[in-house]
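quick one, what's the 3D model for this:
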Amino acid sequence: MASPSGEISSARAYYRKILPFYAKESVARAHLAFWRATARRLRPARILELGSGLGRITAALSDIAPCVGIDVSLEMLGDATRARRGRFVAADLRRPAFVAAFDLIVAPGDPFSHLTTLEDRRRALRAVAAQLTPGGHFVLDGLYRRRHEVAYPRRRVRHEAGVLEIDEAWFPAGVGDLWSARYRYVDRLRDGTTKTLSAAFMARAWNRRTIRAELEAVGLRVRSLRGDFDGRPLGAGARRLVVVARRTR
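Modelled structure (predicted):
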């Protein structure tokens, strides 16, 4: 079993390595309209974002209610603090950084996927429940992949200096819901130069058959379980699951 310090070091090293490319990729993956609409609908007094990264979502939600973003990447937190609205704190999502202080906690981009052991995931879910006010909501954009399916997604992200090409490869790893993810970035700049980078990490996906029980075990009752931000059903072809849960105790 990986140690807590080992998990943090691994995540920090991965995001430190990909940061120049991630900064361009994350613009296209922020899904700000969804998170703004969710916050307006739930009308929270205070919001916490888990895995806030460069802070785009924390900043957007700060227009609706006071929002705090936490992350373990010190480089990303530094950039977020300099460039974004909102408050940012270095913290491990497996431990409560606050006590019953928020009535909305959001987890975009599934920071839980980097917790590769079930015990670490349970710790993080208990921390979510501990930081929610009674009746508060937890909204998760979770990693979901069909077991035994090797996938090779490809994306192109246009940015002000060129085009970023992203090739992914996902392979089932061992038993359960563990996956080996490999990324290759090719940034083709308008000045004719090309920058490339390859990176890999282990991830744990969510299981549609067990996620309700996992959340209910810590006092979070699932209110909706969808297959994407547009509210489509969670079908076999989904690449994510979007969960809205409420603290019941």
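
and the longest helix belonging to the chain, what does it pack onto?
Longest helix in the chain by number of residues, with DSSP state H as the criterion: helix 4-29. Judged by 3 or more CB pairs under 8 Å, 6 or more residues apart in numbering; DSSP states H and E, helix 4-29 is in contact with helix 74-83, strand 154-159, strand 162-172, strand 178-189, strand 194-204. Any C-beta I mention is one placed from the backbone N, CA and C, and that applies to glycine too.

could you redo the last one with a cut-off of 6 Å?
strand 154-159, strand 194-204 (3 or more CB pairs under 6 Å, 6 or more residues apart in numbering; DSSP states H and E).

what's the angle between the helix or strand bottoming out on mean pLDDT in the chain and strand 178-189?
Lowest on mean pLDDT, DSSP states H and E among the helices and strands of the chain sits helix 4-29, with a mean of 83. In terms of direction (axes from the mean of the first three to the mean of the last three CA atoms, to 10 degrees), helix 4-29 departs from strand 178-189 by 50 degrees.

check which residues of helix 4-29 are buried.
By neighbour count with 16 or more other CB atoms under 10 Å, helix 4-29 contains the buried residues 7-8, 10-12, 14-15, 18, 21-22, 24-27.

domains of this structure?
When the chain is parsed with automatic domain parsing, its domains come out as 4-144+207-247, 154-203.

point out the most buried one among those domains.
domain 4-144+207-247 (a mean of 18; mean count of other CB atoms under 10 Å).

and F229, what does it touch?
H31, F34 (CB atoms under 6 Å, 6 or more residues apart in numbering).

report the beta-bridge partners for D71.
Following DSSP bridges, D71 is listed with bridge partners A90.

re the thing from before, what is the nearest of the buried residues of helix 4-29 to L61?
Nearest to L61 among the buried residues of helix 4-29 is S26, at 15.4 Å by CB to CB.

wait, R246 sits on V139?
No - counting by CB atoms under 6 Å, R246 sits too far from V139 to count as a contact (10.2 Å).

how about T196: what's its closest non-neighbour residue?
Nearest residue to T196, sequence neighbours excluded (CB to CB, 6 or more residues apart in numbering): V186, at 5.2 Å.

E214 - nearest residue in space that isn't next to it in sequence?
Residue nearest to E214 in three dimensions, not counting chain neighbours: L125, with 6.5 Å by CB to CB, 6+ apart.

name the SS class of that neighbour, please.
helix (DSSP: H, G, I helix; E, B strand; the rest coil).

swap in R40?
Quick answer, by three-state DSSP: R40 is helix.

which residue packs closest to it, ignoring adjacent ones?
Nearest one to R40, counting by CB to CB, 6+ apart, is I64 at 6.1 Å.

and if you look at L220?
A245 (4.2 Å).
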